[in-house]
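Q: Provide a 3D model corresponding to the input given below.
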Amino acid sequence: MHSEAEIRKAIRPLLDKYGELNTSEIKQRLEEVLVYNEDDKVMSATRKEILILQRIGNIVAHQSELIKEYLEGFVVDKGSKPAKFIALEGIRSNKKPLSSDKIDKRKNSLRSFVGRKIDWSKKRERNTDVGNMGEEFVYEFEKERVLNFDSTSVSRVLHLSILQGDGLGYDVSSINEDGSTRRIEVKTTVGGLETPFYMSKNEKLFFETYKDDGAYVYRVYDFDVNTRRGKVEIISAEELLENYNFDPVTFAVTKK
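A: Residues are numbered from 1 along each chain as shown. Predicted structure coming up:
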C-alpha cells in the first residue's frame with residue numbers, strides 16, 4: 001500500500017500540471033500519476049472509499065496548521081472547504097503559492113495536451129536498460145544541480161517514471177533557479193551527440209504545449225553502462241522545435 005509520503009510525492013507533479021486542486025479533485029485525479037496496487041484498492045472499514053483515497057484525506061486531517069508548506073513543493077490550505085492543495089513557486093524563504101493567473105495558464109494548457117494512461121509495468125519491460133540507467137543518471141544530475149543553488153529544494157526533484165510512470169509526459173520533475181518547474185524528458189544513447197533519438201507524436205505535442213513553460217530534453221550521450229555516467233546536452237523545448245528536424249513517420253530527431 002502506498003504511504004502518505006509516497007502519495008505526497010505523487011501530488012506534487014499533479015499540481016505541476018493543474019496548479020491547484022481541492023481534496024476531492026486530488027482523489028479524482030491521483031490515478032493520472034500513481035498506479036494503485038491491490039492493497040490501495042481495499043475498501044476502508046470506516047469510510048465509503050478505498051484506502052488510498054482515505055489516505056489523501058488523512059494528509060489534511062493530520063495537518064495541525066491551517067496552512068502548511070510541504071517539502072514536496074506545495075501547500076495545503078485547510079481554511080477552504082474542501083481543503084486546497086496549491087503548487088509552490090520560488091526557492092528558499094521566497095516560496096509562495098502559485099498566483100491565480102499562473103494556475104489558469106496551467107489549466108488552459110491541458111486543453112491541448114493530455115498525458116495518456118499506460119500500463120507502465122509493461123512499458124518498462126520494453127525499455128532498454130540504457131534508457132532506464134540514463135533516467136537515473138539525470139535524476140542524480142538534477143539533484144546535484146538543485147543542491148548547488150538551494151539545498152532545501154532537493155526533495156522537489158522526482159524520478160516520475162520510477163515513482164509513478166510517465167503519464168504526465170516526462171521522466172524527471174525538477175526546478176529552475178527561480179523555483180519554477182522544470183519538466184525533463186530523457187533520451188539516452190551510448191553513441192555520440194549526433195546520434196538521432198526518437199519521439200512519439202504525443203511526446204512532440206507535449207513539447208509544443210509546454211514550449212514556454214519549462215520543458216527540456218536531456219540528451220544523454222557517450223553513456224557508459226559500466227560507470228552509469230555520460231555527457232548531457234540540455235535542449236529547451238523552443239530549441240528542440242526550432243533547431244531540430246522531425247521525421248514525419250518515425251519522429252527521428254536530428255539537428256538541422
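
Q: Just the pLDDT at the residue nearest to Y70 when sequence neighbours are not counted, thanks.
A: Spatial nearest neighbour of Y70, excluding adjacent residues (C-beta to C-beta, 6 or more residues apart in numbering): R8 at 6.0 Å. C-beta coordinates here come from the backbone N, C-alpha and C atoms, glycine included. The model reports R8 with a pLDDT of 93.

Q: I'd like the distance between R8 and I103.
A: Distance of R8 to I103, computed by C-beta to C-beta, to the nearest Å: 20 Å.

Q: do the same with N243
A: 31 Å.

Q: can you give me the strands in the stretch 151-256 of the chain?
A: Under the criterion DSSP state E, counting those that start in this stretch, the stretch 151-256 of the chain carries strands at the ranges 158-159, 172-175, 181-188, 197-198, 215-224, 229-236, 244-246, 252-255.

Q: Any idea which of these has the lowest pLDDT on average?
A: Lowest mean pLDDT of those: strand 252-255, a mean of 76.

Q: That one packs against which elements?
A: Packing partners of strand 252-255 (3 or more C-beta pairs under 8 Å, 6 or more residues apart in numbering; DSSP states H and E): strand 197-198, strand 244-246.

Q: Would you format those as CSV with mean neighbour count included?
A: Putting those into CSV (neighbours: other C-beta atoms under 10 Å) gives the following:
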stretch, mean neighbour count
strand 197-198, 15
strand 244-246, 14
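
Q: Break this protein into its domains for me.
A: 4-109, 120-255 (automatic domain parsing).

Q: and those domains, which one is worst for confidence?
A: Least confidently modelled of the domains of the chain is domain 120-255, at a mean of 87 by mean pLDDT.

Q: Out of the helices and strands packed on strand 252-255, flag the one nearest K96.
A: strand 244-246 (35.6 Å; C-beta to C-beta).

Q: by contact count, what packs against that closest one?
A: Under the contact rule (3+ C-beta pairs under 8 Å, 6+ apart), strand 244-246 is packed against strand 252-255.

Q: The strand it packs on pairs with which strands, and in what direction?
A: Strand 252-255 sits in its sheet next to strand 197-198 (antiparallel), strand 244-246 (antiparallel), going by DSSP bridges.

Q: V225: which of those is closest?
A: Per C-beta to C-beta, nearest to V225 of those: strand 197-198, 17.1 Å.

Q: Pull the distance from that closest one to the chain's centre.
A: 21 Å (C-alpha atoms, centre = their mean, to the nearest Å).

Q: again with stretch 229-249
A: The mean C-alpha position of stretch 229-249 is separated from the chain mean by 19 Å, C-alpha atoms, centre = their mean.

Q: List the buried residues in that stretch.
A: 230, 232, 235-237, 240, 244 (16 or more other C-beta atoms under 10 Å).

Q: okay, that stretch in CSV with CA atoms only?
A: Output of stretch 229-249 as CSV, limited to C-alpha atoms (Å, rounded to 0.1, in the frame of the first residue of the first chain):
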residue,chain,number,x,y,z
ARG,A,229,27.6,8.0,-16.4
GLY,A,230,27.5,10.1,-19.6
LYS,A,231,27.5,13.6,-21.0
VAL,A,232,24.4,15.8,-21.1
GLU,A,233,23.2,18.2,-23.7
ILE,A,234,20.2,20.2,-22.4
ILE,A,235,17.8,21.2,-25.1
SER,A,236,14.9,23.6,-24.3
ALA,A,237,11.5,23.0,-25.9
GLU,A,238,12.0,26.1,-28.0
GLU,A,239,15.4,25.0,-29.3
LEU,A,240,14.0,21.5,-30.0
LEU,A,241,11.1,22.7,-32.1
GLU,A,242,13.1,25.4,-34.0
ASN,A,243,16.5,23.7,-34.5
TYR,A,244,15.8,20.0,-35.0
ASN,A,245,14.1,18.1,-37.8
PHE,A,246,11.3,15.7,-37.1
ASP,A,247,10.8,12.8,-39.5
PRO,A,248,7.1,12.7,-40.2
VAL,A,249,6.8,8.9,-39.9
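
Q: sorry, back to before: can you count the residues close to the residue nearest to Y70?
A: 20 (other C-beta atoms under 10 Å).
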